[in-house]
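Chemist: Fold the stuff below for me.
(chains A and B)
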Amino acid sequence: GEDVEQSLFLSVREGDSSVINCTYTDSSSTYLYWYKQEPGAGLQLLTYIFSNMDMKQDQRLTVLLNKKDKHLSLRIADTQTGDSAIYFCAEIPNSNSGYALNFGKGTSLLVTP
Amino acid sequence: EAGVAQSPRYKIIEKRQSVAFWCNPISGHATLYWYQQILGQGPKLLIQFQNNGVVDDSQLPKDRFSAERLKGVDSTLKIQPAKLEDSAVYLCASTPRPGDGELFFGEGSRLTVL
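Modeler: Now for the predicted structure:
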């Protein structure tokens, strides 16, 4: 099947903003998700956006959705060293009868002091 | 509330040997998933259970992988015989509501095949 695409690596300085981009595959996906994986841990849901929204803000996180281009982005304001992790974009494509998530390869975010 | 438990955390075997991973989901979560995460890649779905029934196993290499969830609670994933390319982290996840996309993941079982 088609892949959810993400850039693989991003490095930012502490206090700067981080922007992680994703291109998903299924224009009919109802929700789109961002998961975070810290070293040695499982994935954890960070935030999500409903497909009829353009933007969602949750404290330091801003999710932007461009349905026409199937583009999703995650902005982290005032990035901290604790934000260093791998961030996965995910969708539930209509082809997944059981509503299982389809993940991208992940973007590794490194925050330097 | 206890999270998703997996064991063992680490396993090293030689190719052609067998291995089994165990997962205990969060209590009350009817849906359970096994994902395979190869280094540098995102998790790939292997199998999805709803209670003790299989919902989707289309990406499970059935010639060597098997999984069961006999009583609809905990689950076992087995690989026999293992190949070098099976080296990965095997993630178990569960959810009470498969349609809303919030999966609760365990810490994973890291398999190295030599």
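Chemist: all contacts plus neighbour counts: C-alpha atoms, from now on.
Modeler: Will do.
Chemist: Chain B: strands as residue ranges?
Modeler: In chain B, the strands defined using DSSP state E lie at B:5-7, B:10-13, B:19-24, B:31-37, B:44-50, B:53-56, B:65-68, B:75-79, B:88-95, B:104-105, B:109-113.
Chemist: out of those strands, nearest to A:T23?
Modeler: Of all those, the one in closest proximity to A:T23, counting by CA to CA, is strand B:44-50 (17.1 Å).
Chemist: Check which helices and strands that closest one is in contact with.
Modeler: Secondary-structure packing of strand B:44-50 (3 or more CA pairs under 8 Å, 6 or more residues apart in numbering or on different chains; DSSP states H and E): strand A:102-103, strand B:31-37, strand B:53-56.
Chemist: now for the longest one, which elements pack on it?
Modeler: Where contact means 3+ CA pairs under 8 Å, 6+ apart, strand B:31-37 is packed against strand B:44-50, strand B:88-95.
Chemist: show me the contacts for A:S73.
Modeler: Contact analysis of A:S73 by CA atoms under 8 Å, 6 or more residues apart in numbering or on different chains lists A:V19, A:I20, A:N21, A:C22, A:V63, A:L64, A:L65.
Chemist: Just send the helices and strands packed on strand B:31-37 back as CSV, with mean pLDDT, mean neighbour count and distance to A:S28 too.
Modeler: As requested, these are exported to CSV (pLDDT from 0 to 100; neighbours: other CA atoms under 10 Å in any protein chain shown; distance: least, CA to CA, whole Å):
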stretch, mean pLDDT, mean neighbour count, distance to A:S28
strand B:44-50, 95, 23, 20
strand B:88-95, 96, 26, 22
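Chemist: closest one to A:A90 among those?
Modeler: Comparing the helices and strands packed on strand B:31-37 by their distance to A:A90 (CA to CA), the top pick is strand B:44-50, with 11.1 Å.
Chemist: Return the distance of the closest one from the chain's centre.
Modeler: Centroid separation for strand B:44-50 versus its chain: 8 Å, with CA atoms, centre = their mean, to the nearest Å.
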